[in-house]
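>>> Have a look at this prediction, sequence included:
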Amino acid sequence: EEKGAVGHTVALDGVAIVVNPENTVTSLTVEQIAQIYNGTITNWSELGGNDEEILIISREAGSGTRSAFEEICGLLGEDEEGNEISLVDESKALIADSTNAVGYISLGSYDSTQVHAINVGGVECTEENIVAGTYPIARPFLLVQGPATDDLAKAFVDYILSADGQAVVSEQGYIPVA
């Protein structure tokens, strides 16, 4: 605001907490998720699951999904536990192959044939719940426009907020806002 920049929300996204489909844990709180990722909770039995050590899968430093996850779960400034994976498909494959793994991915990348998204605070990670504001690990996608933005940049913002641009948002697996 001080610099005259304006943010435009162009899409919404949820960060799905995913486990292997054989995992018996169906819901966690944001606090429990934070405790898994900061190393306080280390075994699924502490959460009502099987007596197995939790294998933590995390996105690489600099990932937007990781930044949103850490901020929402209160993990900023903490050393996050786990194995850093740079590609979403690698994360999903590792979780699909490990019954004791947990990870997080953008709802736009979620594939229920590989991994299972568990509820957070009893709320399912769905488009409807994200739009309603009831799913707690969600984020807006923003385009920031400076005060000296040229006509081409302004045209792009107008396009992405148009019906055609929002159709592209939807085709990419994200939630349109207009």
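Sure thing, it's come through. Numbers count the residues shown, from 1 in each chain.
>>> which parts of the longest strand seen in the chain are buried?
Longest strand in the chain by number of residues (criterion: DSSP state E): strand 6-19. Along strand 6-19, these residues count as buried under the neighbour rule (16 or more other CB atoms under 10 Å): 8, 10-19. For every residue, glycine as well, the C-beta is placed using N, CA and C.
>>> between those residues, which is nearest Glu31?
Top of the list for closeness to Glu31, among the buried residues of strand 6-19 and by CB to CB, is Ile17 at 12.7 Å.
>>> What ranges does this structure have for its helices?
Remark: helices assigned in the chain by DSSP state H are 30-37, 64-72, 88-97, 127-132, 151-160, 163-171.
>>> Reformat the ones you listed as CSV; add mean pLDDT and mean neighbour count.
CSV is the format used below for the helices of the chain (pLDDT from 0 to 100; neighbours: other CB atoms under 10 Å):
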stretch, mean pLDDT, mean neighbour count
helix 30-37, 96, 20
helix 64-72, 91, 18
helix 88-97, 85, 17
helix 127-132, 96, 15
helix 151-160, 91, 12
helix 163-171, 96, 14
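>>> Can you list the neighbours in contact with stretch 126-145?
If you take CB atoms under 8 Å, 6 or more residues apart in numbering as the criterion, stretch 126-145 is touched by 5-17, 30, 33, 68-69, 72-73, 104, 107, 120-121, 123-125, 153-154, 156-157, 160, 174-175, 177.
>>> Give me the buried positions along that stretch.
Across stretch 126-145, burial judged by 16+ other CB under 10 Å covers 126-127, 129-130, 135-139, 141, 145.
>>> same deal with stretch 112-131?
Taking 16+ other CB under 10 Å as the neighbour-count basis, stretch 112-131 is seen to contain the buried residues 114-120, 123, 125-127, 129-130.
>>> Out of the residues you listed, name the ones that lie in strands.
Secondary structure assignment by DSSP E places 116-120 of the buried residues of stretch 112-131 in strands.
>>> from the residues you listed, which is closest to Gln166?
So of these, ranked by how close each gets to Gln166 (CB to CB), first place is Ala117, at 23.8 Å.
>>> Report the helix or strand with the lowest average pLDDT across this structure.
Ranked by mean pLDDT, DSSP states H and E, the weakest helix or strand in the chain is strand 83-85, scoring a mean of 60.
>>> now the end-to-end length of stretch 139-159.
Chord length of stretch 139-159, first to last residue, is 21 Å (CA to CA, to the nearest Å).
>>> show me the contacts for Ile54.
With the criterion set at CB under 8 Å, 6+ apart, Ile54 makes contact with 36, 41-44, 100-102.
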